[in-house]
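Engineer: turn this into a model:
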Amino acid sequence: MAPRRPETKTGTKPETAPEGGRSGGLLSPVTDRRISALIVDQVRALIHEGRLAPGDRLPPEREMCERFGVSRVTVREALRVLEAGGLVQIRVGAHGGAFVTRPTSDRVGASITDLLALSSASASDVTEVRTVLEVGIIPLLCRTADDEDIAALEAICERQETCLAGGSYDVALSAEFHTRLAASTHNTAFEMLIHTFHGPLLLAPAAARQTAPEMGRRGVEEHRALISAIRADDAAAGERIMREHLSRTAARLCLDEPDRATPPGPAAAD
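Structural biologist: Here you go, the predicted model:
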């Protein structure tokens, strides 16, 4: 059955501006069995293209039903998907509605963490990516980390030491340090990426978590050394410390992973 379209009447007043503001005129009818998914795709594309910006309000449900030619049930399903994906926020009340949101590292991180968790990526795969990213930002940190950043990193180390002394150390404290270190680049993309890759590591094998206190003590020492290297503008020392730090992490996280076959090298020439 073809989707219904809004009725038109002759002799009526010219159509007034849509209640949804500039966003209303961007939407067009959809025709498919998976209509709600197509509505989601259309709104997502408009956001990616910059035609819908954070803070923009989508048209009211009634208007969206008319523009898409679908029922309210379909529109509400699409809005729920958009809200779950962090693309819109549903507000209630007189000034409520569906508003385009600004992405946060938590939302982006959660989505990519889910993707990694459901893929074949192992903890060692994730650690390899972390090594490229976190060793790579050390020279930038030496230029960008300010007194406030250094103080925040030292405060995290102090909390780590307090938790170790009280027997309540958790690997989440290490993730917090590395995320705050990335934030010290003052580059949101680095902060989001590094925050993201800590999600799968917090779900690491049980054997790795059992060694957390012992590894935590060594980790805090290395965190302190990283801060000192960055404060001294010694990128070479910082890179070396970070590489060794992450190499130990990789070995710990791979305790329960099956050995992966090493691909054969190129055949030697005769």
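Engineer: can you name the element that comes right after the helix or strand of the chain with the lowest mean pLDDT?
Structural biologist: One helix or strand of the chain scores below all others by mean pLDDT, DSSP states H and E: helix 206-210, with a mean of 45. Next in sequence after helix 206-210, counting helices and strands by DSSP states H and E, comes helix 212-231.
Engineer: list the buried residues for that next one?
Structural biologist: 212, 215-216, 219-220, 222-227, 229-231 (16 or more other C-beta atoms under 10 Å). For the C-beta atoms, the positions are set from N, CA and C on the backbone; glycine is no exception.
Engineer: go on, stretch 149-166?
Structural biologist: Result for stretch 149-166 [16+ other C-beta under 10 Å]: buried residues D149, A152, L153, I156, C157, Q160, E161, C163, L164.
Engineer: just the ones in helices from the residues you listed, please.
Structural biologist: D149, A152, L153, I156, C157, Q160, E161, C163, L164 (DSSP state H).
Engineer: nearest to A237, of those?
Structural biologist: L153 (15.9 Å; C-beta to C-beta).
Engineer: name all residues that make contact with the closest one.
Structural biologist: Applying C-beta atoms under 8 Å, 6 or more residues apart in numbering, we find L153 in contact with F177, R180, L181, S184, H223, I227.
Engineer: quick one: pLDDT of it?
Structural biologist: Looking at L153, its pLDDT stands at 97.
Engineer: cool, P59 as well?
Structural biologist: So, for P59, pLDDT stands at 93.
Engineer: try G86
Structural biologist: 82.
Engineer: surely it and P54 touch.
Structural biologist: No. Look at G86 against P54 with C-beta atoms under 8 Å: they stay out of range, at 11.3 Å.
Engineer: who has more neighbours out of these two?
Structural biologist: G86 (16 against 12; other C-beta atoms under 10 Å).
Engineer: now that one: phi and psi?
Structural biologist: phi 80, psi 10 (degrees, to the nearest 10).
Engineer: where exactly do the helices run in the protein?
Structural biologist: 35-48, 61-68, 72-84, 105-118, 123-136, 138-144, 147-166, 172-183, 188-196, 198-202, 206-210, 212-231, 235-253.
Engineer: worst average pLDDT in these?
Structural biologist: helix 206-210 (a mean of 45).
Engineer: quick one, what contacts E191?
Structural biologist: S105, T179, A182, A183, T185.
Engineer: stretch 231-243: which residues count as buried?
Structural biologist: Buried residues in stretch 231-243, counting neighbours by 16+ other C-beta under 10 Å, are found at R231, A235, A237, G238, E239, I241, M242.
Engineer: ok, stretch 133-152 next?
Structural biologist: L133, E134, V135, I137, I138, L140, L141, C142, A145, D149, A152.
Engineer: farthest-separated two in those?
Structural biologist: Those two in the buried residues of stretch 133-152 that are separated most widely, counting by C-beta to C-beta, are V135 and A152, at 21.0 Å.
Engineer: how much space between T101 and T179?
Structural biologist: Look at T101 and T179: by C-beta to C-beta, to the nearest Å, they are 21 Å apart.
Engineer: what of L87?
Structural biologist: 23 Å.
Engineer: cool, and S36?
Structural biologist: S36 sits 35 Å away from T179 when distances are taken as C-beta to C-beta.
Engineer: circling back to that earlier point, could I get the contacts of E191 as TSV with neighbour count?
Structural biologist: Output for the contacts of E191, formatted as TSV (neighbours: other C-beta atoms under 10 Å):
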residue	neighbour count
S105	18
T179	20
A182	26
A183	20
T185	19
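Engineer: reformat these as JSON lines; add distance to V43.
Structural biologist: JSON lines is the format used below for those (distance: C-beta to C-beta, whole Å):
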{"residue": "S105", "distance to V43": "22"}
{"residue": "T179", "distance to V43": "30"}
{"residue": "A182", "distance to V43": "30"}
{"residue": "A183", "distance to V43": "30"}
{"residue": "T185", "distance to V43": "32"}
